[in-house]
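J.: Return atomic coordinates for the entry below.
(chains A, B and C)
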Amino acid sequence: MSFEYAPAPESRAVVDIKPSYGLFINGEFTDGTGTAFKTINPATEEVLAEVAEASDADVDEAVKAARRAYTRVWSRMSGAERAKYLYRIARIIQERGRELAVLESIDNGKPIKESRDVDVPIVAAHFFYYAGWADKLEYSGYGSTPLGVAGQVIPWNFPLLMLAWKIAPALACGNTVVLKPAETTPLTALLFAEICQQADLPPGVVNIVTGAGDTGRAIVSHPDVDKVAFTGSTEVGKAIARTVAGTDKKVTLELGGKAANIVFDDAPVDQAVEGIVNGIFFNQGHVCCAGSRLLVQESIADDLLERLKRRMSTLRMGDPLDKNTDVGAINSGEQLMRIRELSEVGDAEGAERWEVACDLPTKGFWFPPTIFTGVSQAHRIAREEIFGPVLSVLTFRTPSEAIEKANNTPFGLSAGVWTDKGSRILSMANRLRAGVVWANTFNKFDPTSPFGGYKESGYGREGGRHGLEAYLKGADA
Amino acid sequence: MSRIDVRKTYKLYIGGQFPRSESGRSYVVNDAKGRLLANAAQASRKDARDAVVAARSAFPGWSGKTAYNRAQVVYRVAEVLEGRREQFEAELRAAEGISPARARTYVDAAIDRLVWYAGWADKITQVVGNANPVAGPFFNLSTPEPSGVIAVIAPRGPLLGLVSVVAPLIVTGNTVVVVASEDNPLTAITLGEVMATSDLPGGVVNVLTGSQAEIAPWLASHMDVNGIDLTGVDDAALAVDLEVAAADNLKRVRRPAPDTDWLVQPDLDRMTRFLETKTVWHPIGV
Amino acid sequence: MSTPATSAVYDDVVRTDSSLRRFLHGLPGVDQVGCEARAAGLATRSIKTTSKAWAIDLAIRMVDLTTLEGQDTHGKVRALASKAMRPDPADPTCPATAAVCVYPDMVATAKQTLGDSGVHVAAVATAFPSGRAAMDIKLADTRDAVEAGADEIDMVIDRGAFLSGRYLQVFEEIAQVRAACARPDGTSAHLKVIFETGELQTYDNVRRASWLAMMAGGHFIKTSTGKVQPAATLPVTLIMLEAVRDFRDQTGQMVGVKPAGGIKTTKDAIKYLVMVNETCGDDWLDPDWFRFGASTLLNDLLMQRTKMTTGRYSGPDYFTLD
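T.: Got it, this is the predicted structure:
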């Protein structure tokens, strides 16, 4: 007999999923006038609920509600009073944390371990942090004048966390918002709407409209939206930048990445292995800042890969609600197709595929943790964002070569450096063209720490004092 | 026959406990009309010494907590105070003879002030710290750190004044020994009860009641106290003596301001006065 | 379990103080934050009911039931030995512990009580717990215990020598104590090497001490005496497990690991077993290769064992205290 871990499923009883959901406009749930769509559990393909689609007219209603709330209530309220609403929201998120985590895992496919221990606590902390800014904006360095109505479009990889990153600073600065969650993961945003009701947030300050690309376009192009904040693909980000050209809209974009995770021969090797695993298999690799390119110094490459494979063999894949699950389900059939396609390109281009041997469930969308060795910069899997649990392994000989390869990409969101030598960390950090550099750690997030990219990874920063800039008119206003 | 009240014994607040003064002394506290309110403990120099020991032993743990955690604790104090606001309004009216509306204003402001300072815990570094572009291959970063154990001579405002001097010190990670307003000490002990039930670790705030002139010199000369806030000292000669005594170990000193209008929104000064700036250099090279 | 006295692979390494230092300081560093995060992550695993019953019995079989007090008496040691053989007198299916762990002067008493029960006698030797004595006294202490019938010797390293960088001295002391474990019939008591990780403080030091002890021929590496805080912790044990895993990769030899001190609950014990399982694999899930140095842990294991069979929570009054 040996150790078997429990299927230790978190109870679904804490969540109450309704058969259908409307839009949250002006503090109330209303029917959409678009064509309703279904959201499914990606681990089982079970239909969870039917969700309203916001048409152009619905978006217009939402923007009007946001404008009214902005003019009549929110922009007139003192920062100290706005802060209290945000603190209330933070507290309710803490109180209903387990419910939010379970719902997130059901709708998104991410392991409960992550939604419970990473997503939800950071969400609460984010509201807590920006609540504290609401009455201190005169110290921000960006003035204290809000922009107006913010239109916000967020992705499916961290549904609630991305909502927090968008809504908390916007509200703290005195803006009102119209937010669209991703079409495959709308449920926690709709539960958040209920939390706004519980907090007695004035109607219209937060409006949640569900839908797909068309709904997003309606928000971005709406003439009465003063600010557009988008997290998602570089392709859509570019389209948004074109749409707002020539308008007064302020824009922040947080887009794709192809981060290099650079491991030197003097790295703390066991922790580096953990960091590589966390860098690419956290959240099934559905992370824009994922360490998807491992750059390992040639002198330790064989040893490191052996350790990495051994560690990967202990990863547990399966039911996202099982507390022992490390890697959950791919969020959608469409995304699974893309991961498969790019992996096949990797095979065709001559890279060597190694994947964890495990039984995949027959239902749902699954892709085993995979690494490609023998990858060079010319390979598509070294250049394009796969957005899945697939790691491309490259080697380097000198620090300069590592920098050249790491920066040789149109992206520039994040990077990792592993070495015991402090001065080398700082030198690498100086030369890496990326918005976040993690040294001897990876995928760390904190409300106080600004996040965002260089180059085609977007512009603007979310988090920290810098995150306020996106929602204020500036010191001269 | 009407019910007989159960009256509260007011004691000191030291290291999370509520001891009587080791001296066994107490003094009479009257209300605004000169009628007996209660007996307050009259702290001795030994109580002050014990309070400093408690504050010192709480310092590593409190200053070592994450700023986020300190923010949550100070916010929790505000939550618990809000829940007991009627008691505080009643105490303020009795002690100061003010109107119900005025009492409400003070309690509102005290709660809001705690909330305002709570938010600073994880922001003060971002506002007063910075990276320095030194002319050489060095990383150079300056960040604020708490000075240590701070003695506070509290002003007369028994709730708002007290909160306004204590909150800015603890939110940045200092621990404090407060000498409550001599004429008006009872609310300080009731506030101690709020802090004792708000996840604030014992020893972070210690409250002494008694004679300012008797206790303050011992704190001012204490070599294990890092700073002294003289806000509540209204005897100018005493203030000078205290500042002179404080020079023996170069305590950071904040000079008296007994007539401050506590309803006015503060700036950063009450935090920054008791912060040290630490600058770290590190070479940059492969 | 026949390990060569020292590992020939490392002959060049242990030739001089400087070569040994170069080797130990050339081991990969340990990042404290990452190591502690990994240990905490493993601690969140939960295991199946049937596996849990198995794990509890395994943990009982891994206990070195310990009494190391100035107030120890022969009576106390006899009682402890009886408990080790029959931890739960009410349940004959309950396994015995791996060993009892006592001071050398109590070995004969323990041995007499344990007879041929299969429960080993482990003796702390070498001027336990400080290790501050002359080398010949440490060796005499060891020989006494072995002669009195000790199956296992738990020695302490000279932390002063280690922390001042005299690694070769520490290496030689371990090798000499190992030699002193030999019996006239050619067999040898098993040697556990205690680092007192609470005094070594850094994970880098724990990793270096682990390699030093393994190269010197220790059969087991052990965290602590139980007399210094902190004693055993999950991250310290993780570093030691990584070391024995890597040592086997390089030499083919297995070395055991014994966290000792501060492990008091079944929940804790299972966290350690999960860590063994995920770091080193099944091979180490055996009393020959993993032990718990503990005293109060045993009764908690028994309480949880009873809970698994009766379905209700038990209380301390239902388990013997000796």
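J.: who touches the closest residue to A:Gly257 other than its chain neighbours in this structure?
T.: Setting aside the residues directly before and after it, A:Gly257 is nearest to A:Leu413 in space (CB to CB, 6 or more residues apart in numbering or on different chains), at 3.3 Å. Backbone N, C-alpha and C define where each C-beta goes, glycine included. Residues in contact with A:Leu413 (CB atoms under 8 Å, 6 or more residues apart in numbering or on different chains) are A:255-257, A:259, A:288-289, A:434-436, A:452-454, A:457-458.
J.: Closest to A:Leu48 out of the residues you listed?
T.: Nearest to A:Leu48, judged by CB to CB, of the contacts of A:Leu413 is A:Cys288 at 24.9 Å.
J.: Just give the number of residues close to the closest residue to that closest one other than its chain neighbours.
T.: In space, and not counting its chain neighbours, A:Cys288 is closest to A:Gly257: 5.0 Å by CB to CB, 6+ apart. Counted with other CB atoms under 10 Å in any protein chain shown, the neighbours of A:Gly257 add up to 31.
J.: residue ranges with poor pLDDT in the stretch 201-350 of chain A?
T.: Counting by pLDDT under 70, the stretch 201-350 of chain A shows no low-confidence range.
J.: Need phi/psi at A:Ala150.
T.: Phi and psi for A:Ala150, reported as degrees, to the nearest 10, are phi -100, psi 130.
J.: Next, find the distance separating it from chain B.
T.: A:Ala150 sits 22 Å away from chain B, going by CB to the nearest CB, to the nearest Å.
J.: my read: that residue touches A:Gly174, true?
T.: No: using CB atoms under 8 Å, A:Ala150 is not in contact with A:Gly174, being 10.6 Å away.
J.: Does B:Thr279 belong to a helix, a strand or coil?
T.: strand (DSSP: H, G, I helix; E, B strand; the rest coil).
J.: which residues does it form a beta bridge with?
T.: Here B:Thr279 shows beta-bridge partners B:Ser142, assigned using DSSP bridges.
J.: Show the model's pLDDT score for the residue nearest to A:Gly257.
T.: What the model reports as pLDDT for A:Leu413 is 98.
J.: Let me see the contact set for whichever residue of the stretch 1-150 of chain B sits closest to chain A.
T.: With CB to the nearest CB, the shortest gap between the stretch 1-150 of chain B and chain A falls at B:Gly119, namely 2.3 Å. Applying CB under 8 Å, 6+ apart to B:Gly119 gives the contacts A:83, A:131-133, A:135-136, B:71.
J.: In strands, which of those residues appear?
T.: In strands, judged by DSSP state E, none of the contacts of B:Gly119 are found.
J.: Spatially, which two of those residues are the most separated?
T.: A:Asp135 and B:Ala71 (13.5 Å).
J.: out of the contacts of B:Gly119, who's nearest C:Pro89?
T.: For the contacts of B:Gly119, the nearest to C:Pro89 is B:Ala71 (54.3 Å; CB to CB).
J.: Now that closest one: closest residue in space, sequence neighbours ignored.
T.: Per CB to CB, 6+ apart, closest to B:Ala71 is B:Ala121, 3.7 Å.
J.: Could you tell me how many residues sit around that neighbour?
T.: Residues lying near B:Ala121 (other CB under 10 Å) number 26.
J.: For the residue of chain A found nearest chain C, which non-adjacent residue is spatially closest?
T.: When scored by CB to the nearest CB, chain A has A:Gln271 as its residue closest to chain C, at 3.1 Å. Nearest non-adjacent residue to A:Gln271, counting by CB to CB, 6+ apart: C:Gly34, 3.1 Å away.
J.: Would you quantify the distance from the closest residue to A:Ser313 other than its chain neighbours to C:Ser117?
T.: Distances taken as CB to CB, 6+ apart place A:Val356 nearest to A:Ser313, at 6.1 Å, with adjacent residues excluded. Distance of A:Val356 to C:Ser117, given as CB to CB, to the nearest Å: 44 Å.
J.: just C:Arg305 next, same as before
T.: C:Arg305 is 20 Å from C:Ser117, where distance means CB to CB.
J.: between these two, who's got more neighbours?
T.: C:Arg305 (25 against 13).
J.: just to revisit the earlier point, so where does the residue of chain A closest to chain C fall, helix or strand?
T.: Per DSSP states H and E: A:Gln271 is located in helix A:269-281.
J.: what packs against the very next helix or strand once past that helix?
T.: Per DSSP H and E, the first helix or strand lying C-terminal to helix A:269-281 is strand A:293-297. On a contact count with 3 or more CB pairs under 8 Å, 6 or more residues apart in numbering or on different chains; DSSP states H and E, strand A:293-297 meets strand A:260-263, strand A:390-396, helix A:399-407.
J.: for the ones you listed, which one sits closest to C:Asp11?
T.: Of these, nearest to C:Asp11 by CB to CB is strand A:260-263, at 31.1 Å.
J.: partner strands of that closest one, parallel or antiparallel?
T.: Applying DSSP bridges, one finds strand A:260-263 paired with strand A:293-297 (parallel), strand A:414-418 (parallel).
J.: I'd say the residue nearest to A:Ser313 and A:Pro368 touch.
T.: Yes: A:Val356 is in contact with A:Pro368 according to CB under 8 Å; the separation is 5.0 Å.
J.: Can you pull the residues that touch both of those two?
T.: A:Met317.
J.: returning to that earlier point: between A:Ala150 and A:Gly174, who's got more neighbours?
T.: A:Ala150 (30 against 23).
J.: Could I get the pLDDT score of the residue nearest to A:Phe3 when sequence neighbours are not counted?
T.: Spatial nearest neighbour of A:Phe3, excluding adjacent residues (CB to CB, 6+ apart): C:Asn277 at 4.7 Å. We have a pLDDT of 95 for C:Asn277.
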